[in-house]
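Q: attaching a predicted model along with its sequence, questions to come.
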Amino acid sequence: MIKLQFPGVVAHALRTFWGPILPSVIKVVLTHRGAAKAKYGAGGWAKIRQAVTQLAKADKSRGITTRFFAVDSASDATRVGATKIDSPGDSAAIKATIDHIYSAWSPAYLVLLGGPELLSPVTLSNPLWTGNPDDDPDQFVPSDLPYACDAPFSSSPADYRGATRVVGRIPDLIGLADPAVLLTQLAAATVADALIRPHPAPVFAVTAKVWRGSTQLSVGKLPDVSGAVHISPTEGPVWTKSALAAPLHFINCHGSEFDPIWYGQLSPNNWDLPHAVEAARLPGMVAPGTVVAAECCYGTAHWPPAAANGQASVGLSYLLAGATGVFGASTVAYGPPSANEYADVLCRLFLEEVLGGASLGRAALSARQRFVQGQTYLDPTDLKTLGQFDLLGDPSLQPFVANGAAPHNAVPPAASPRRAAPKAGRRIPQPTVSAAVLARRTTLSALGDALARSTTASNDTARNRSGLTHARLADLLGEYIPESVRIRTFDSAGGIDTAARAAGAGAALAKGLRPTTHVAFVPATRGRPKAVVVVREHPGGEPTVRVAVPR
Amino acid sequence: MNTQTVRGTVRIKQVARGSKAEQSTAVLITPERSWLLRRSEGPSFGVDPELAALDGHEVTATGYAGTGVFLLSEPVTDVT
């Protein structure tokens, strides 16, 4: 792997003397201007546009060239060879425009400005949807993942297994025409600083009591962090400002659509859920620059505050209270009660990358890639997990500078180039980016391409007939499976097929190597709520069983 | 996202049947698709007795149609 890192002084010299011949680190801020004007009025839009200009100025001082792009502008579309878009809900056209932008400019960062009313996410199919909302309630999965992939537009999450792009969304609120929502976030991104990583880095972690084993495992795997895992019940929802001051928040609680509260849980089948985190309590309590990874169902879902008496969701409220980024799920997310799978893994990988000094967007991209790399193949629950987690926040912001030293790519002040490095735990201006960013993008793009080609994934739809009997599932799970439980069997494709072709073998060999997945939603038992059981079978191998519950 | 009005059937799914934690989940089934059904003033999880009382009833429901939840913004009209 080629890794270019220039010391700050060298980077500064490169920019000063050879700047014109160095490629730019480009950030594109994308929105539907017409929809924004219609929502906020000409005056409101003018303020938002001015705030984008201020952000671009701040970015320039950070070494980033920021370009505003209106997807409904014919002249903007012409600049990249695209066609202007009429509807902000036309996600296929938005995806096509973004693909053109990447072909023309290869931006290092892409910002989706606004929520679904300004730029719709892509509506992905949900392989876990059975038609019965008591199994998995989400018929579709709204997702920004397709915008982070080179793959052509489709509604299949399996087509987006190879993410290559750094993407984040600065959202607004559905049905609320107050420009302050965007202005607050844009202003925060404009003045955002970075934290010289303390050793250990404090983490504010909250878990539903029933999942404390899983959460403690996740937090325990984070490198060099401190802080107890708070357990609900009995802790929360009133938190002290000092507890919330931790720069990283890791939340593994229940969430629900149209509900501005995240919940704990005492025992598996006790549904009298205590409040763990309340959106209404966040203003004035969250430290600027906080980064949140939330496993909660619907943690970053876009829904109108009018549905909750005017209160925005917890995820959006975090951003409005000063958080820099929230990584969360648009729909029902899954993880086992005591082990780590699915949402647990993706959220932990995101925080690992943030702690390592990645920008928010690169952390999201690397987490997606590492999540895919970590699986022998992607089962239907993997695919939903991959598609449902998005980053809210400016993807170019770097929350942590690693190693307690001066940022490797920071430009030292001209008057004191040899000034001592700031101490761990101190806040400093956002590091100035360098050509190292472009080198990393090349590597990440190549890795994403390789994952797209080499990763096997389950099909979106199940076979007509199950490939696993109830008796066999009962054997594997060690409990009785009622005949009313529907077992669905998914074949898989990709990856293995490529390998077989490369080996000169035909489709028959590939078929013989493909893994199969059996998925069943099983009823609650005394010690466990209803759960999704995933049986993964490789030809010739012993099946493995994963049991996951909705977060 | 505006509220919308749909017509469908409320079904109550029994979860953890026979256990201490037996509970009901309300589902709204329309010709197009099905949602978990919730009242804005009702619980997000667990039993909502008011909805449980509508098992098998055809209703007209007005509210927010989300990804997985239909959130009632008005009381349902029982048209059975």
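A: Good, I have the coordinates. Numbering: from 1, shown residues only, chains lettered A, B, ... in the order given.
Q: need the contact list for the residue nearest to the spatial centre of chain B.
A: With distances taken as Cα atoms, centre = their mean, residue B:37 lies nearest the centre of chain B, 2.6 Å away. Residues counted as contacts of residue B:37 (Cβ atoms under 8 Å, 6 or more residues apart in numbering or on different chains) are B:10, B:26-28, B:51, B:61, B:69-70, B:72. The C-beta positions use only the backbone N, C-alpha and C, and glycine is treated the same way.
Q: residue A:255 reaches residue A:265, doesn't it?
A: No. With contact defined as Cβ atoms under 8 Å, residue A:255 does not count as touching residue A:265 (11.8 Å).
Q: more neighbours: these two, which one.
A: Shown here are residue A:255 and residue A:265; by other Cβ atoms under 10 Å in any protein chain shown, residue A:255 has more neighbours (30 against 24).
Q: near chain A, which of the contacts of residue B:37 show up?
A: Contacts with chain A within those, as defined by Cβ under 8 Å from any Cβ of the partner chain: B:27, B:69.
Q: got a markdown table for the contacts of residue B:37, with neighbour count and pLDDT too?
A: Conversion of these to a markdown table gives the following (neighbours: other Cβ atoms under 10 Å in any protein chain shown; pLDDT from 0 to 100):
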| residue | neighbour count | pLDDT |
| --- | --- | --- |
| B:10 | 22 | 95 |
| B:26 | 26 | 91 |
| B:27 | 22 | 93 |
| B:28 | 27 | 95 |
| B:51 | 24 | 93 |
| B:61 | 25 | 97 |
| B:69 | 27 | 94 |
| B:70 | 27 | 96 |
| B:72 | 23 | 97 |
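Q: closest to residue A:321 among the contacts of residue B:37?
A: Nearest to residue A:321 out of the contacts of residue B:37 is residue B:69 (Cβ to Cβ; 24.8 Å).
Q: do you know how far the closest one is from residue A:318?
A: Residue B:69 is 21 Å from residue A:318, where distance means Cβ to Cβ, to the nearest Å.
Q: and for residue A:186?
A: Residue A:186 is 16 Å from residue A:318, by Cβ to Cβ.
Q: which of the two has more residues huddled nearby?
A: More crowded of residue A:186 and residue A:318, by other Cβ under 10 Å: residue A:318, with 29 against 24.
Q: which per-residue confidence value corresponds to the residue nearest in space to the middle of chain A?
A: The residue lying closest to the centre of chain A (Cα atoms, centre = their mean) is residue A:390, at 3.1 Å. Looking at residue A:390, its pLDDT is 98.
Q: identify the residues contacting residue A:100.
A: A:77, A:80-82.
Q: where does the chain have low pLDDT?
A: No chain in the question, so chain A it is. Applying pLDDT under 70 to chain A flags residues A:1-22, A:403-422, A:496-497, A:499-510.
Q: my bad, chain B
A: For chain B, the ranges with pLDDT under 70 are B:14-24.
Q: ranges for the helices of it?
A: For chain B, the helices defined by DSSP state H cover B:49-52.
Q: only whichever of the contacts of residue A:100 are buried, select them in PyMOL.
A: To isolate the buried members of the contacts of residue A:100 in PyMOL, using 16 or more other Cβ atoms under 10 Å in any protein chain shown:
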select buried, chain A and resi 77+80+82
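Q: for the stretch 301-450 of chain A, just list every one of the strands.
A: A:325-329, A:334-335, A:389-393, A:400-401, A:427-429 (DSSP state E, counting those that start in this stretch).
Q: next one: the last one to chain centre, how far?
A: For strand A:427-429, the distance from its own C-alpha centre to the chain's C-alpha centre is 25 Å (Cα atoms, centre = their mean, to the nearest Å).
Q: just the buried positions in that strand, please.
A: Of the residues in strand A:427-429, none is buried (16+ other Cβ under 10 Å).
Q: note down every partner strand of that strand and its orientation.
A: strand A:193-196 (antiparallel) (DSSP bridges).
Q: return the set of residues that bridge with the closest residue in space to residue A:123 that isn't next to it in sequence.
A: Among residues not flanking residue A:123 along the chain, residue A:140 sits closest, at 4.6 Å (Cβ to Cβ, 6 or more residues apart in numbering or on different chains). Beta-bridge partners for residue A:140, by DSSP bridges, are residue A:125.
Q: ok, which stretches of the stretch 51-200 of chain A are strands?
A: Under DSSP E, counting those that start in this stretch, the stretch 51-200 of chain A gives strands at A:64-70, A:109-113, A:122-125, A:140-143, A:167-170, A:193-196.
Q: typed the wrong thing, it's chain B
A: For chain B, the strands defined by DSSP state E cover B:4-15, B:23-29, B:34-39, B:58-65, B:69-72, B:77-78.
Q: please identify the most buried of those.
A: Across these, averaging neighbours per residue (mean count of other Cβ atoms under 10 Å in any protein chain shown) puts strand B:69-72 on top, at a mean of 26.
Q: what's it packed up against?
A: Under the contact criterion of 3 or more Cβ pairs under 8 Å, 6 or more residues apart in numbering or on different chains; DSSP states H and E, strand B:69-72 touches strand B:34-39, strand B:58-65.
Q: what helices or strands is the longest one leaning on?
A: Think strand B:58-65. strand B:4-15, strand B:69-72, strand B:77-78.
Q: identify whichever of those strands lies nearest to residue A:205.
A: Among the helices and strands packed on strand B:58-65, the nearest to residue A:205 by Cβ to Cβ is strand B:69-72 (27.0 Å).
Q: which residues are contacting that closest one?
A: Under Cβ under 8 Å, 6+ apart, the answer for strand B:69-72 is A:137, A:256-258, A:307, B:6, B:28, B:35-40, B:61-64.
Q: just the CA trace of stretch A:334-349, in PDB.
A: C-alpha atoms of stretch A:334-349 as PDB (Å, rounded to 0.1, in the frame of the first residue of the first chain):
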ATOM      1  CA  TYR A 334     -30.000  -5.800  14.500                       C
ATOM      2  CA  GLY A 335     -27.500  -7.300  16.900                       C
ATOM      3  CA  PRO A 336     -27.200 -10.200  19.300                       C
ATOM      4  CA  PRO A 337     -27.900  -9.700  23.000                       C
ATOM      5  CA  SER A 338     -24.500 -10.700  24.200                       C
ATOM      6  CA  ALA A 339     -22.100 -11.000  21.300                       C
ATOM      7  CA  ASN A 340     -21.200  -8.600  18.500                       C
ATOM      8  CA  GLU A 341     -22.700  -8.800  15.000                       C
ATOM      9  CA  TYR A 342     -24.300  -6.500  12.500                       C
ATOM     10  CA  ALA A 343     -25.000  -3.000  13.900                       C
ATOM     11  CA  ASP A 344     -22.500  -3.700  16.800                       C
ATOM     12  CA  VAL A 345     -19.700  -4.300  14.400                       C
ATOM     13  CA  LEU A 346     -20.400  -1.400  12.000                       C
ATOM     14  CA  CYS A 347     -20.800   1.200  14.800                       C
ATOM     15  CA  ARG A 348     -17.600   0.000  16.500                       C
ATOM     16  CA  LEU A 349     -15.600   0.100  13.300                       C
END
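Q: is any residue of it near chain B?
A: No. For stretch A:334-349, no contact with chain B is found by Cβ under 8 Å from any Cβ; the gap never falls below 13.3 Å.
Q: buried ones in that stretch?
A: Using 16+ other Cβ under 10 Å as the test for burial, stretch A:334-349 gives A:334-337, A:340-349.
Q: show me which pair in those residues is furthest apart.
A: Using Cβ to Cβ, the buried residues of stretch A:334-349 span at most 20.1 Å, a distance reached by A:337 and A:349.
Q: now do the same contact list for the residue lying closest to residue A:29 once chain neighbours are set aside.
A: Leaving aside its chain neighbours, residue A:29 sits nearest to residue A:111 (4.5 Å; criterion: Cβ to Cβ, 6+ apart). Residue A:111 makes contacts with A:27-30, A:167-170, A:394-396, as judged by Cβ under 8 Å, 6+ apart.
Q: in CSV: the residues you listed, plus neighbour count.
A: Below are those laid out as CSV (neighbours: other Cβ atoms under 10 Å in any protein chain shown):
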residue, neighbour count
A:27, 25
A:28, 22
A:29, 22
A:30, 25
A:167, 26
A:168, 29
A:169, 26
A:170, 26
A:394, 27
A:395, 28
A:396, 28
